[in-house]
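S.K.: Provide a 3D model corresponding to the input given below.
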Amino acid sequence: MNFLRNIFIFLFLLLAEVSLASPSDNPLLQKGWAALVRDDENEAFNCFWQAFEKAQKDKNTEDKAEALLYLGICSYGSSSENGLRYVTQSLSEYKKLEPTFPEIAKNGRSRCLQLISTIYSRQKKYSEAIRLSREVITNFEGSKDVTGTLGLAYNSLGALYEIQKKIDSSDYFFNKALIEFEKNKNNAYLPTIYIKKGNIEKRKGNKETSFEFYQKASLIAQKTENKQAQVLSSIAKGNWFIDFENNSSEAEKLFNQAKIISKSLTDKTFEIKSLEALIVLAKKQNDFKQISQLQSEILKIKDNYYSLEREQIVKNLEVQFEVSEKDRKLELISKEKEVSRLTNILLIMLVLLLLVVFSFLYFFLKRINKRDKQLLKTKEELFIALEEQKRLKEIQFQNDLEHKESQLSAITLQMLQKNELLEEIKEITRKKEATSGEQLSRIVNSHFAQDSNWNDFDKYFESINKNFYTKLKQNYPKISSNDLKICALIKLNLSIKEMASILNISPDSVKTARHRLRKKLDLSTEDNLTEFILSI
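M.R.: Here you go, the predicted structure:
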């Protein structure tokens, strides 16, 4: 399983190689390419971005498309998203060239597709990557390709088929890639394909031939200062010494050399590859302490991978910002006098305008302030008048209430005194048997039946206790007029004796009336009738 995993990571690293040949004309792109081969990604990105800015300023669509493509090449190792963003923009620019320069547009599109295929391979979208590389081969086969894109497409297919364990197809495309790179002398790619060719020969058991390919890869990598290729060739030679010579010390030396070189690379998968090669060697030597230490280093690198990726994105953005700032400052210096003159004129005009505006605002606010003061004074006077009117209304209301209460009390007292007097007269007449006495008794009884006093009572009672009778009738439809009188007298908080005197009935009758009233009001024995009536 470790061996298969190492193969996968090895292929992953191969696909992480830069995706195009050196530009032919643009000096900034050539300088950036040279830095990229040396794995100086910051310098490379700076050059590519300057080329993009210049092409944009010159309105040169071809150079702009090529600069965007190289920005994608430089970016995808640290951020696949940025790589895809730049190469997609490059595709759009190449599309603009189709009506006037169809051949340039076709070749540019193929180079963009190969870069997208490489990025898809990193993202494990193998079927899409194979489809794109095959389209690139279709576009370039039969024509002369000086960009190295056709060889890269062969190399990508070889690596993808190796992942799918289609060894014959893989060897076929690796051999095609080797022929293409040697024909065009693409030193940037030859180390990688020599290593792949050495692996093929090693698998076949060709000891000397495989080492020759590894040695070729190592020499070209050192000559071109290609650190990624140096790491890969050192690991490949270390594995060769283990497999054919059983020379662990030489292998360890080469693996450590690869580890030292990989530490300076932005793409930390190369360092992981070096550490995994050392782990395999430590397993052969049963050095479990060394294995644990190396595995810890791998975990630490993987933990820091995303933070390093973010740092690289920030650096790229900083480079973009610095280049943009540099161009902006140059433009500002060239137009300094004009800008200074215009600035002075604008400042004078602005000062004059501000003076006019402030003067207008001053008089306008002064007028508004005067009006607001007058309005506030009027509002205060109106408020005082309303408060006084409210106070007078409250006094009048209180006087009316006191008057009505005094009238109600007077009527109640009058009714009480009258009934007491009439009761006394009636009692006297009962003791006599003369005809005139009987007539007097009838007169007194007739006075008991009069309701004029009750009408006056109800009028004043209702004026003080609004809707008292109405609420009782609505909530308790069975209640009678006599019950309403009982309720009104209870509301006045009169005693049973006083209520009996006013109603001209006995106290027992009042108690009986109160008992019937409790039933009509649905009150239980625990409920207080007086408290209930007072709450209405």
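S.K.: and the gap between residue 245 and residue 238?
M.R.: 11 Å (CB to CB, to the nearest Å). The C-beta positions use only the backbone N, C-alpha and C, and glycine is treated the same way.
S.K.: out of these two, which sits in the more crowded spot?
M.R.: Legend: neighbour count by other CB atoms under 10 Å for residue 245 and residue 238, higher for residue 238 (27 against 12).
S.K.: what about residue 93, is that helix, strand or coil?
M.R.: In three-state terms, and counting by DSSP: H, G, I helix; E, B strand; the rest coil, residue 93 is helix.
S.K.: so it touches residue 64, yeah?
M.R.: Yes. Taking contacts as CB atoms under 8 Å, residue 93 lies within contact range of residue 64: 5.4 Å.
S.K.: any low-confidence regions in the stretch 301-450 of the chain?
M.R.: Within the stretch 301-450 of the chain, the segments meeting pLDDT under 70 span 305-332, 334, 399-422, 424, 428-429, 431-450.
S.K.: all helices of the stretch 151-300 of the chain, in order?
M.R.: Counting by DSSP state H, counting those that start in this stretch, one finds helices in the stretch 151-300 of the chain at the ranges 167-184, 190-203, 207-223, 227-240, 248-262, 269-284, 288-334.
S.K.: Comparing these by mean pLDDT, which bottoms out?
M.R.: If you rank those by mean pLDDT, helix 288-334 sits at the bottom with a mean of 66.
S.K.: Put together a markdown table for the helices of the stretch 151-300 of the chain, with distance to residue 105 on each row.
M.R.: As requested, those are arranged in a markdown table below (distance: least, CB to CB, whole Å):
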| stretch | distance to residue 105 |
| --- | --- |
| helix 167-184 | 22 |
| helix 190-203 | 28 |
| helix 207-223 | 33 |
| helix 227-240 | 31 |
| helix 248-262 | 39 |
| helix 269-284 | 34 |
| helix 288-334 | 26 |
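S.K.: Of the ones you listed, flag the one that's most buried.
M.R.: helix 227-240 (a mean of 26; mean count of other CB atoms under 10 Å).
S.K.: Please find the angle between the direction vectors of that one and helix 248-262.
M.R.: Here helix 227-240 runs at 170 degrees with respect to helix 248-262, directions being taken by axes from the mean of the first three to the mean of the last three CA atoms, to 10 degrees.
S.K.: Centre of the chain to helix 227-240, how far?
M.R.: Its chain's C-alpha centre and that of helix 227-240 lie 46 Å apart, by CA atoms, centre = their mean, to the nearest Å.
S.K.: Kindly report the same for stretch 259-266.
M.R.: Taking mean C-alpha positions (CA atoms, centre = their mean), stretch 259-266 and its chain are 38 Å apart.
S.K.: Pull the residues that contact that stretch.
M.R.: 39, 41, 77-78, 227-228, 230-231, 234, 268, 270-271, 273-275, 278, 308, 312 (CB atoms under 8 Å, 6 or more residues apart in numbering).
S.K.: In CSV, list the C-alpha atoms belonging to it.
M.R.: As requested, the backbone C-alpha atoms of stretch 259-266 are provided in CSV (Å, rounded to 0.1, in the frame of the first residue of the first chain):
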residue,chain,number,x,y,z
LYS,A,259,14.7,16.7,1.7
ILE,A,260,17.1,19.6,2.1
ILE,A,261,16.4,20.9,-1.4
SER,A,262,12.6,20.5,-1.0
LYS,A,263,12.5,22.6,2.1
SER,A,264,13.1,25.7,-0.1
LEU,A,265,10.1,24.8,-2.4
THR,A,266,6.7,26.4,-2.1
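S.K.: May I see the buried residues of the strand or helix carrying residue 508?
M.R.: According to DSSP states H and E, residue 508 maps onto helix 507-520. Buried residues in helix 507-520, defined by neighbour count with 16 or more other CB atoms under 10 Å: 510, 513-514, 517.
S.K.: Adding pLDDT, write those residues out as CSV.
M.R.: Converted to CSV, the buried residues of helix 507-520 look like this (pLDDT from 0 to 100):
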residue, pLDDT
510, 90
513, 91
514, 91
517, 90
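S.K.: any idea which of the residues you listed is closest to residue 50?
M.R.: The shortest gap between residue 50 and any of these belongs to residue 517, at 104.2 Å (CB to CB).
S.K.: Spit out the contact partners of the closest one.
M.R.: By CB under 8 Å, 6+ apart, residue 517 lies in contact with 479, 483, 486-487, 529.
S.K.: Just those residues: which are in strands?
M.R.: Counted as lying in strands by DSSP state E, out of those, is not a single one.
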